[in-house]
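Student: coords please:
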Amino acid sequence: MSKVYTREETLARVTRLTHLRLTAFIEAEAIVPKQHETGPVFGPADLARLDLLCDLAELYDMQPDALAAMVAVIDRMHAARHDRRVLLDAIRAEPPEVRARIAAALQHNPAP
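Tutor: Numbering: from 1, shown residues only. A predicted model of the protein is given here:
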């Protein structure tokens, strides 16, 4: 299991993060920490996300709700890129005749 950080450890590691800002990010669901018997805990990816949220909040004066919407779009983009890679790997594993049929179908139905 990867390292998890308490609220206090998270605040110490993400230096631009304040108690107030962290609470606002959690309430807006821009970050959703795991719950532990001692309270919320954050993983390494959460710390990176919090750092990004601080960057965006400071650079663009964005409110937590807007940040939550923006990172949701970023999450969907990452998921779509992952799905695309998996699909391309699956296509590459197919025999040449199947790949040719897929290529022909794509040529007849180009993306908008």
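Student: Okay, buried residues for stretch 28-47 please.
Tutor: Neighbour counts over stretch 28-47 (16 or more other C-beta atoms under 10 Å) mark 28, 30-31, 33, 40-43, 46-47 as buried. Quick note: C-beta positions are derived from backbone N, CA and C, even for glycine.
Student: which SS state does the residue nearest the centre of the chain fall under?
Tutor: The residue lying closest to the centre of the chain (C-alpha atoms, centre = their mean) is D75, at 3.8 Å. For D75, the secondary-structure state derived from DSSP: H, G, I helix; E, B strand; the rest coil is helix.
Student: How much space separates it from A111?
Tutor: Distance, D75 to A111, by C-beta to C-beta, to the nearest Å: 22 Å.
Student: now do H82
Tutor: H82 sits 18 Å away from A111, going by C-beta to C-beta.
Student: More neighbours: which of those two?
Tutor: When neighbours are counted by other C-beta atoms under 10 Å, H82 and A111 differ, and H82 comes out ahead with 10 against 4.
Student: Can you tell me the SS state at that one?
Tutor: With three-state DSSP as the basis, H82 sits in helix.
Student: Which pLDDT value belongs to the residue of the chain most remote from its centre?
Tutor: Ranked by distance from the centre of the chain (C-alpha atoms, centre = their mean), the top residue is E97, with 36.7 Å. Looking at E97, its pLDDT stands at 96.
Student: where's it, which helix or strand?
Tutor: helix 96-108 (DSSP states H and E).
Student: Counting neighbours, which bits of that helix end up buried?
Tutor: Residues of helix 96-108 include none that count as buried (16+ other C-beta under 10 Å).
Student: Dump the C-alpha coordinates for it into CSV.
Tutor: Extracted in CSV, the C-alpha atoms of helix 96-108 (Å, rounded to 0.1, in the frame of the first residue of the first chain):
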residue,chain,number,x,y,z
PRO,A,96,-3.7,-7.7,-40.2
GLU,A,97,-7.1,-8.4,-41.8
VAL,A,98,-9.0,-7.2,-38.7
ARG,A,99,-6.8,-4.1,-38.5
ALA,A,100,-7.5,-3.5,-42.2
ARG,A,101,-11.3,-3.7,-41.6
ILE,A,102,-11.1,-1.3,-38.7
ALA,A,103,-9.0,1.1,-40.7
ALA,A,104,-11.5,1.0,-43.6
ALA,A,105,-14.4,1.6,-41.2
LEU,A,106,-12.6,4.6,-39.7
GLN,A,107,-12.0,6.0,-43.1
HIS,A,108,-15.7,5.7,-43.9
